[in-house]
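Student: sequence below, structure please.
(3 chains)
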Amino acid sequence: MVDIKKKANELLAANAVQVVIGFEEGTSGKSRAIFAQDAAGVDKLIFNSQCVLNLAVYLTKHEIKKLGKPAIIAPLPVMRAIIQLASEFQIKESEMAVLGVSPEGKLVEFQTFAAIESYLKDFKIAMDEKEKEILAKISNMSLSERFDFWMQELGECFKCYACRAACPMCYCHKCAVEQNKPQWIPVAANNLGNLEWHAMRAMHLAGRCVNCDACHNACPKGIPLNFLTKLMMVDAKEIFGQDGPSLKDGHLLSTFKPNDKENFIR
Amino acid sequence: MTEFEPKIVAFVCNWCTYAGADLTGTSRIKYATNVKLVRFPCTGRIDFMLLLKAFGEGADGIIISGCHPNDCHYTSGNFHARRRWIMFRGLLNFLGIDTRRIQFSWVSAAEGGKWADIVNSTVKSVRELGPYNDYKKVADFLETEVTNG
Amino acid sequence: MSRIGVFVCHCGENISATVDVEKVAQVAGEMGDVAFSLDYKYMCSEPGQALVQQAIKDHNLTGVVVSACSPRMHEPTFRKASADAGLNPYMCEMANIREHCSWVHERSEETTEKAIDLVRMMVEKVKYDKPLEPIKVPITKTALVIGGGIAGIQTSLDIANCGHKVILVEKEPSIGGHMAQLSETFPTLDCSQCILSPRMVEVAQHPNITLMTYSELESLEGYIGNFTAKIRKKAKSVDHSKCTGCGDCWNKCPSKKIPSEFNAGLENRTAIYTPFPQAVPNKPVIDKANCTYYKTGKCKICEKFCKAGAIEYDLEDEIVEIPVGALVITTGFQVKGTDFFPEYGYGQYKDVITGLQFERLASASGPTLGEIRRPSDGKVPEKIVFIACAGSRDEAKGIPYCSKICCMYTAKHAMLYQHKVHTGKSYVFYMDIRSGGKNYEEFVRRAIEEDKVNYVRGRVSTVYEKNGKLIVKGADTLMGGQPVEIEADMVVLATASVSRCGSEDLAQKLHISYDAYKFFAEAHPKLKPVETNTAGIFLAGACQAPKDIPESVSMASGAAVKVAGLFSKDEMSREPIIAVVNRMAPPQFSSCVGCFLCQTACPYNAIEREEIKDRNGNVLKTLAKVNPGLCQGCGTCVAFCRTKSIDIQGFTNEQMYSEVMALLNA
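Tutor: Reported below is the predicted structural model:
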């Protein structure tokens, strides 16, 4: 952490950046985001296993952009989100500084986004044992068992949209759910509306999710909605060979190969 | 007791399947009345949310049909649609939504017979699956009063 | 509030026999926002259309639904009728209750219910229809023709004679294409060069045609009526304005060992050359890849001997940018070489040649001045075997199609041989004889009956050399599969016609489709043979599929009239069914977030980036914008947009949503 704080202070002092986005200690032993604009703020920076919030979500918020050029503390999930956001033209290399944090907690400096992408090659997104177990458990249920399972889980949702607020990929300032001509997703919390909301969100994240679990961590009811997006990631990898965010490859759904294989179209 | 007649919506592209269905009509080939067609300029235009909306409004089955790969009037709309369906079908299946009720097909403007085939076989298989009550129960929350939890 | 009129057609008995049309009209009249409804026997007839127009005026209708046949049939009819009555034509829709209902179902309650549902769906759609105006696009009245063979020459002359400017681009140093290489043409045995040369000269001298030889298309941008083409004029190293065509340079050129493309490799040419004596323009170019000066810096003999001082070694390729309104692609074909056939020697046997090489032998200006001689030792062959379908109609060789012209030119070659070598014996091994054109069958009969060409129905399994002769082993299937062995002096393979090398690249530059064999794709195999799916780009000749000269010329004239039709107006009207990205007041400007998924997905490159700037020129946002001239209205972008910022007029999100809702809610 020392090296990170040192670098952050350097950048602030030289006015290379005006705000450092990082983690600080929150309440009840959790952590929260901090937007440090001076040495006192930098002093509060921490990095531990409680730091699960995906800070990249702040890079697209205009309230943060107004503070000036940011430096962002970037552990692996944040790095991946940065690459994905850059490939979608939401952030520019010249408009931010990235203070990477290796899995061991050491500072990794990056000059370009391409450097981040090549660093990430050693840390490919993969499902760990527990995730694989849960995905398998759900997939092995019968059709009606699965439907009941999800109706039960999604029935807990009361449309607070915390998942959307926490996800770095949900940067649309007018979300599809806020359309009313036509009203695609009913506003109220009922099973149908919840199903439609989460299905739509999962599809909108197809090929873009960076597996940071921010959505699940933000959900006040602890709904495993991150598994919907995890399924999309696994499908994207197995069927189309898409392996994590990339600056060059096009988006999963807006590109195609003439020989994409399927077995369900007559 | 009347036999259950499934309600099926078909989302079709204007240049191939709609024209193919026209040919079915011109050739006077008969098929079941349960299927109603909605015309789109291209399969690429079909929003995946419309499928969920159709089920939510009481459809028991859905047919989605367009031009064969490489034949799209707009060059690549059906390729994008294909990718979208591959991913969406995976998601629907995972959610426990019955993808056996959704029939995807490529029907060209010359395949009047194939269209009648697709309609008849889809109606038959959906009739066997029965009405999509699981989904209707969730959708008719005003009546069933099943909201959350 | 909408005031919609619903008009239900009986279509004689086509609809009324199975659908209760009176009931449909009655139920429609009770639907929300429907101000008027009726049923009538023939809506598309004049009195039927008059009913629609009267109702529009009497009831102040804001929208019309005609429930009848398929919109693919009569949508333009009713849209025009509505327009004539003062209603915007895009407020008129059709419900298909004939092809999709009455013709495919039996008479029953369900059929009538379905018809009512289909009408309800279109009523909902019309509620969200907006009046649209056709988009007017200006047209540049210059045509670009790529490929200077007979098709390109014909189409250029036709378009130029209509009074429009034509740029004809040809990648070889001369126009003429394969037709210039032929000796005589079937079925008349006209001398090919004799009928072609006058056309070539006409092209060169025509005031409306600009000829660019030794040039290729570098890139193409834009859309119908408004293309910008970049042409690379390769450096000829000879200033054609000074050159007199005297020929001293190529007579003195020391690099004489370059296989001549025009003579199909049977003869050599020099590094500075014209491809053939009747070349247009008849001025040489230097083949830089094979010229001693360009390779080593030494020589310069041509410059020394050129009395006109026309040699300019330092000329560079020039790229010119030209605005054009339409293109005609006439790049032609090429033939497979003998090295494609392992069973016939992999091209190792000098006396196994292709049909094109035989043409050069038979040609009066060819390497043997018209005498049929063996390439190996110059002797006149006494026995020639012609093998038809060499490579074509063969799945195993990857060419399952028929190359169309080979049966005819094989008969022609055999006849020419017999005419030139009276004592010669010729054999043609064939599978079928395809001679479907005018006078074609009579031509082949002449070869068999008058010129005594021996036609053997069977395939040749192998050809090998023995003691200076070529042993041809085949079978005669009309004699029960009896093996046939011929000791031939020469074997001519009617090799398959295939698409030109580089066709795929050209098609991708032009954004036109091509098939599995890289032949360019026509818009419809029956009804649109000269158009492509890319508006403004037309096809003619063998680049679309193998064909003979009369067909290429017909197609070329067909393409020319399409271009002339396009140029006959000053402005073009396009259907306004296009995508639009929403715009709102600042600070949002649009719900678009600038992710540009739509841009990657658009097959027509119709999405542009628009920078929204403040008064000081700082960029606030970069948003997507649709170019109305390019968008073809497929709607793929609409389905991608996460924020639903882009929508397609005529098939908006609201409309599709309400159609689905209406269909399912009884």
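
Student: could you list the domains of the chain?
Tutor: Assuming you mean chain A. Residue ranges for the domains of chain A, per automatic domain parsing: A:2-120, A:129-240.

Student: you looked at the wrong chain, it should be chain C
Tutor: Looking at automatic domain parsing, the domains of chain C come to C:4-127, C:142-234+C:317-332+C:500-567, C:248-305, C:337-498, C:579-648.

Student: just to revisit the earlier point, can you redo the domains of chain A as JSON lines with mean pLDDT, distance to chain C and mean neighbour count?
Tutor: For the C-beta atoms, the positions are set from N, CA and C on the backbone; glycine is no exception. As requested, the domains of chain A are exported to JSON lines (pLDDT from 0 to 100; distance: least, Cβ to the nearest Cβ, whole Å; neighbours: other Cβ atoms under 10 Å in any protein chain shown):
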{"stretch": "domain A:2-120", "mean pLDDT": "90", "distance to chain C": "4", "mean neighbour count": "17"}
{"stretch": "domain A:129-240", "mean pLDDT": "91", "distance to chain C": "4", "mean neighbour count": "19"}
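
Student: minimum distance to residue C:163: which of those has it?
Tutor: With distances scored as Cβ to Cβ, the stretch of these nearest to residue C:163 is domain A:2-120 (47.5 Å).

Student: how far does that closest one sit from the chain's center?
Tutor: 14 Å (Cα atoms, centre = their mean, to the nearest Å).

Student: what does stretch C:302-320 give?
Tutor: 36 Å.

Student: which SS state does residue C:361 fall under?
Tutor: helix (DSSP: H, G, I helix; E, B strand; the rest coil).

Student: what's the answer for residue C:222, then?
Tutor: Residue C:222 ends up strand, using three-state DSSP.

Student: neighbours around it, how many?
Tutor: Each residue near residue C:222 was counted by other Cβ atoms under 10 Å in any protein chain shown, and the total is 18.

Student: what helix or strand is the nearest residue to it once chain neighbours are set aside located in?
Tutor: Of all residues not flanking residue C:222 in the chain, residue C:228 sits nearest, at 5.0 Å (Cβ to Cβ, 6 or more residues apart in numbering or on different chains). Using DSSP states H and E, residue C:228 maps to strand C:226-233.

Student: ok, residues contacting that strand?
Tutor: With Cβ atoms under 8 Å, 6 or more residues apart in numbering or on different chains as the test, strand C:226-233 has contacts from C:137-140, C:144, C:167, C:169, C:212, C:214-222, C:317-327, C:536, C:629.

Student: and that strand, which strands flank it?
Tutor: For strand C:226-233, the paired strands and their directions (DSSP bridges) read strand C:215-223 (antiparallel), strand C:318-324 (antiparallel).

Student: hmm, who's touching the shortest one?
Tutor: Right, the one you point to is strand C:318-324. Residues outside strand C:318-324 that contact it (Cβ under 8 Å, 6+ apart) are C:140, C:142-144, C:167, C:218, C:226-233, C:235.

Student: any idea which of these is closest to chain B?
Tutor: residue C:227 (17.7 Å; Cβ to the nearest Cβ).

Student: distance of the residue of the stretch 1-150 of chain C found nearest chain A from residue C:61?
Tutor: Here the residue of the stretch 1-150 of chain C nearest chain A is residue C:128; by Cβ to the nearest Cβ that distance is 8.9 Å. According to Cβ to Cβ, to the nearest Å, residue C:128 stands 16 Å off from residue C:61.

Student: of the two, who's got more company?
Tutor: Shown here are residue C:128 and residue C:61; by other Cβ under 10 Å, residue C:61 has more neighbours (26 against 18).

Student: so the more buried one is in contact with residue C:35, correct?
Tutor: Yes - the pair residue C:61 and residue C:35 qualifies as a contact (Cβ atoms under 8 Å) at a distance of 6.4 Å.

Student: between those two, which contacts overlap?
Tutor: Taking Cβ under 8 Å, 6+ apart as the contact rule, residue C:61 and residue C:35 both touch C:3-5.

Student: are any of those residues buried, and which?
Tutor: The neighbour-count criterion (16 or more other Cβ atoms under 10 Å in any protein chain shown) marks C:4-5 among the shared contacts of residue C:61 and residue C:35 as buried.

Student: in helices, which of the shared contacts of residue C:61 and residue C:35 fall?
Tutor: Here DSSP state H is the test, and the shared contacts of residue C:61 and residue C:35 give no hits in helices at all.
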